[in-house]
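*Asks:* Quick one: sequence and predicted model below, then my questions.
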Amino acid sequence: MQDEKIFSVTALTEAIKNRLENAFPLVWVRGQVTDLSRPASGHLYFALRDETSRIAAVWFKKDIKSEERFDPLTGEVYADGPRLSLASRLENGQEILCAGRLALYKARGIYQLVLEYASLAGIGNLHAEFERLRAKLAGLGYFSPDRKRPLPPHPKRAALVTSPQGAAVQDFLRLSEKRGLGSAFRLYPVSVQGDEAGPKIAATLRRIGEEGWAEVIVLIRGGGSLEDLWAFNDETLAQAVFASPVPVLAGIGHEIDFTLTDMTADLRAATPSHAAQLLLPDRAELAAALSRANAALRLNAHRRLEDGAIRFENLEKTLARLSPFRMLANRDSRLETEIRLLRKAGAAMLKTREQRLDMALRTLQDSGKLTADKAERRLEVAGLRLEALNPRAPLERGYALARKADGSFLRSRAEVSPGQALTLTVLDGDVAVRVEDRHVGQ
């Protein structure tokens with residue numbers, strides 16, 4: 001053991017650094033940009049990856065130009081003039097071809113590619129797949145604003161779909177405690193990363209829809225690289241969000257991260273914390289709104305009471321004018337006035353009124369007697385006329401009435417012929433006769 005060399009951490013790291021950096025003073029690497037970061041220092045930090053591996057990379061500010069007049073790798077001069085350097089327009093998902101050296105960062109014991117030159121090589125495989133799926137789902141109407149449903153304004157029951165170990169769920173619940181009117185959350189734990197995550201989350205969404213408990217589904221995950229968030233670009237998951245009978249609120253990654261699940265959801269939040277803000281109204285704002293509504297209600301009630309009091313006073317005045325007690329009082333007043341006037345007029349006025357009353361009574365009596373005399377004379381005349389029209393009066397004087405067989409009275413001898421039967425009515429009854437000769441008595 002004493003003969004073997006024992007390295008310190010620093011000595012071993014230094015040895016590896018020398019071997020690594022001497023072995024790869026300049027390398028060409030082709031890969032897809034991911035985890036891009038632009039700190040205030042001006043350096044660019046990111047990673048390059050392919051289907052199975054990744055390597056950390058750094059592009060220091062001193063090697064970055066603001067614009068390029070020629071391709072840094074081929075030396076070809078741009079015919080259309082200078083253009084922005086690739087560093088200023090570098091994005092996640094781009095595939096680049098770059099040249100640099102390998103260096104070991106001793107403080108953390110990791111190696112990284114230090115870029116000196118880079119050129120855009122095309123869109124990476126993941127980005128290309130994302131664009132393919134995005135175009136397909138857009139054509140199916142998954143992202144149409146017309147199909148997106150509003151979230152319930154004050155949900156009582158919410159299904160929370162996320163990893164229970166992540167910081168996202170803690171941030172969401174901590175913020176939710178200070179918001180809303182009291183909501184119940186049911187946690188549905190799922191894996192939010194890896195090849196199996198997308199289909200498993202999709203199955204969870206379908207189960208929530210079948211249960212019928214939740215008013216809204218909240219699907220959240222913290223930030224990560226394009227690869228970390230790739231489960232939320234799964235076509236099966238997008239289909240489950242699209243078909244969900246329950247509205248879906250998605251808060252995945254950071255504000256700059258967009259996934260197909262975000263785009264399909266009924267509402268997208270920039271972060272998990274933002275999802276809590278969109279789902280539940282601020283309690284202080286609710287209290288302020290309630291206070292404003294209460295003040296407005298009190299003011300309106302006060303105004304209505306004032307208006308009612310004015311109307312009541314007017315009605316009271318009107319009722320007083322129309323009151324029968326007041327009318328009786330007015331009549332009593334007029335009667336008292338008449339009595340006072342009568343008392344002033346004295347006995348002469350009473351005597352005059354008595355004379356007028358006696359004269360009116362005599363006129364009425366005379367008129368009544370005259371009317372009665374006229375009626376009696378008319379009655380006598382009517383009696384005489386009635387007596388003259390009495391059919392029995394001629395019979396008492398010996399006359400008779402002759403009727404033919406049909407009952408009609410005989411008025412002329414021309415109406416009969418010899419042998420015809422007639423009925424004679426005399427004072428005490430009828431006598432049947434037969435005509436022998438109608439010329440008798442000519």
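*Replies:* That came in fine, so what should we check first?
*Asks:* domains of this protein?
*Replies:* Following the assignment in automatic domain parsing, the chain carries domains at 9-123, 149-281, 284-346, 392-434.
*Asks:* comparing those domains, which gets the lowest mean pLDDT score?
*Replies:* Ranked by mean pLDDT, those end with domain 284-346 at the bottom, a mean of 75.
*Asks:* Is the residue nearest to residue 105 when sequence neighbours are not counted in a helix, a strand, or coil?
*Replies:* Closest residue to residue 105 apart from its sequence neighbours, by CB to CB, 6 or more residues apart in numbering: residue 112 at 6.2 Å. (C-beta placed from N, C-alpha, C; glycine too.) Using DSSP: H, G, I helix; E, B strand; the rest coil, the structure places residue 112 in strand.
*Asks:* quick revisit: right, and the domains of the chain - which one's nearest residue 133?
*Replies:* domain 149-281 (5.8 Å; CB to CB).
*Asks:* how long is that closest one from one end to the other?
*Replies:* 18 Å (CA to CA, to the nearest Å).
*Asks:* likewise stretch 18-32?
*Replies:* End-to-end distance of stretch 18-32: 28 Å, with CA to CA as the criterion.
*Asks:* Now do the buried residues in that stretch.
*Replies:* Residues of stretch 18-32 classed as buried by neighbour count (16 or more other CB atoms under 10 Å): 29, 31, 32.
*Asks:* okay, those in JSON lines with secondary structure and distance to residue 250 next?
*Replies:* JSON lines is the format used below for those (DSSP: H, G, I helix; E, B strand; the rest coil; distance: CB to CB, whole Å):
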{"residue": "29", "secondary structure": "strand", "distance to residue 250": "35"}
{"residue": "31", "secondary structure": "strand", "distance to residue 250": "29"}
{"residue": "32", "secondary structure": "strand", "distance to residue 250": "25"}
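*Asks:* Give me the distance from the longest helix seen in the chain to the chain's centre.
*Replies:* When the chain is parsed with DSSP state H, its longest helix is helix 347-388. Here helix 347-388 is found 87 Å from its chain centre; the criterion is CA atoms, centre = their mean, to the nearest Å.
*Asks:* Any idea how many residues pack against the residue nearest to residue 105?
*Replies:* The number of residues packed near residue 112 is 19, by other CB atoms under 10 Å.
*Asks:* is it in a bridge, and if so with what?
*Replies:* Residue 112 has these beta-bridge partners by DSSP bridges: residue 103.
*Asks:* most neighbours per residue, which of the domains of the chain?
*Replies:* domain 149-281 (a mean of 19; mean count of other CB atoms under 10 Å).
*Asks:* How far does it sit from its chain's centre?
*Replies:* That offset, for domain 149-281, works out to 26 Å (CA atoms, centre = their mean).
*Asks:* Stretch 28-46 now?
*Replies:* When C-alpha coordinates are averaged (CA atoms, centre = their mean), stretch 28-46 and its chain have centres 49 Å apart.
*Asks:* Residue 126 against residue 93, yeah?
*Replies:* Yes: look at residue 126 against residue 93 with CB atoms under 8 Å: they come within range, at 6.4 Å.
*Asks:* any common contacting residues for those two?
*Replies:* 32, 226 (CB atoms under 8 Å, 6 or more residues apart in numbering).
*Asks:* dump the residue contacts of residue 152.
*Replies:* Going by CB under 8 Å, 6+ apart, residue 152 touches 215, 216, 247.
*Asks:* Could you pull up phi and psi at it?
*Replies:* phi -60, psi 140 (degrees, to the nearest 10).
*Asks:* Provide a list of residues in contact with the residue nearest to residue 105.
*Replies:* 55, 56, 57, 58, 102, 103, 104, 105.
*Asks:* how about a cut-off of 7 Å?
*Replies:* 56, 57, 58, 103, 105 (CB atoms under 7 Å, 6 or more residues apart in numbering).
*Asks:* Report the two of the residues you listed separated the most.
*Replies:* Farthest pair in the contacts of residue 112 (CB to CB) is 57 and 105. Separation: 11.8 Å.
*Asks:* partners of the helix or strand hosting residue 35 in the sheet?
*Replies:* Using DSSP states H and E, residue 35 sits within strand 27-37. In the sheet, strand 27-37 lines up against strand 44-49 (antiparallel), strand 94-105 (antiparallel) (DSSP bridges).
*Asks:* quick one, which of those is nearest to residue 252?
*Replies:* Closest approach to residue 252 among these (CB to CB): strand 44-49, 20.2 Å.
*Asks:* Follow the chain on from the closest one and name the next helix or strand.
*Replies:* Proceeding N to C from strand 44-49, the next assigned helix or strand is strand 54-59, under DSSP H and E.
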